[in-house]
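Colleague: Fold the following, please.
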Amino acid sequence: KPIKNIKIKRKVVIEGDRTIDIVIEYDGNVIPIEVKINAVDQPNQLYDYAQQSKVENGAKRVYYLTKFGTEPSKESCCRSNSSNKQLPKEEIGCISWSYDILKWLDECISHYNTYTKAPIREILIQYAAVIRKFTDQLEENEKMEIAELLLKTPENLKSATDIAIALDSVKMNLL
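Modeller: Predicted structure coming up:
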C-alpha cells in the first residue's frame with residue numbers, strides 16, 4: 001500500500017534542548033531515529049526520545065541507526081540511571097548503515113523507475129559508495145583487484161595470510 005503524506009524532519013528539538021536526529025511522519029505514524037556515527041550515547045538519551053515520541057506522537061518504537069546495527073548503551077536506555085525505568089527492548093529498533101540502509105539503497109537503485117532516471121540512480125550509487133567507505137566495505141571492483149594482486153605470486157598470498165594472522169592478534173590486544 002503506497003504511503004501518503006510523508007514528512008521528514010531533521011534535528012527535532014525536545015525537552016531539555018535535546019534533538020532527535022530524524023523524525024518521519026506518515027499516515028498518523030511516527031518514526032523517531034537517533035543516528036550514531038562515531039559518537040557516544042548520552043545518558044538517558046534514547047529513553048527520553050522514546051518517552052517524548054510516545055507522549056506527543058504515539059510512537060511505538062525509537063530507532064537507533066549505527067554503522068553496524070549495534071545496540072544502544074544501557075545508560076542511554078534508562079531514566080536517570082534507574083534500572084527499574086528501563087526502555088524495553090521491543091521499543092528499540094536497531095538498524096545499520098552497513099546492511100539495512102545499503103540493502104534498501106541497492107533495491108532502490110535496481111528498481112526500474114530509478115534505473116531509468118540516470119541522475120537519481122547516480123546519486124544513490126554515490127550515496128551507497130560513501131556508506132561502504134565509512135563502514136569499511138570494499139566495492140566489488142576493489143575486491144577483484146585485491147584478489148588478482150594476491151593471486152599473482154605465492155609470496156603475495158603468504159604475506160596476506162601473515163598479515164591476517166597478525167591482525168587477529170592485534171585486535172585481541174586492543175580489546
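
Colleague: Can you name every helix or strand that the longest helix anywhere in the chain contacts?
Modeller: In the chain, assigned by DSSP state H, the helix with the most residues is helix 154-174. For helix 154-174, the packing partners by 3 or more C-beta pairs under 8 Å, 6 or more residues apart in numbering; DSSP states H and E come out as helix 140-152. Heads up, the C-betas are built off the backbone N, CA and C, glycines and all.

Colleague: quick one: least confident helix or strand in the chain?
Modeller: Using mean pLDDT, DSSP states H and E, strand 82-86 stands out as the lowest-scoring helix or strand of the chain, at a mean of 71.

Colleague: For whichever helix or strand comes after it, which outside residues touch it?
Modeller: Sequence order places strand 92-96 as the next helix or strand after strand 82-86, per DSSP states H and E. Applying C-beta atoms under 8 Å, 6 or more residues apart in numbering, the external contacts of strand 92-96 come out as 33, 46, 50, 61-72, 77, 101.

Colleague: What's the ChimeraX syntax to select whichever of those are buried?
Modeller: A single ChimeraX command selects the buried members of the contacts of strand 92-96 (16 or more other C-beta atoms under 10 Å):
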select :33,46,50,61,62,63,64,65,66,67,69,72,77,101
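
Colleague: Filter the contacts of strand 92-96 down to the ones in strands?
Modeller: Under the assignment DSSP state E, the contacts of strand 92-96 contribute 33, 62-66 to strands.

Colleague: Identify the farthest-apart pair in these.
Modeller: Spatial extent of the ones in strands among the contacts of strand 92-96 (C-beta to C-beta) is set by the pair 62 and 66 at 13.2 Å.

Colleague: which residues sit in contact with the residue nearest to residue 109 when sequence neighbours are not counted?
Modeller: Using C-beta to C-beta, 6 or more residues apart in numbering and skipping the chain neighbours, the partner closest in space to residue 109 is residue 124 (4.9 Å). By C-beta under 8 Å, 6+ apart, the residues touching residue 124 are 105, 108-109, 114.
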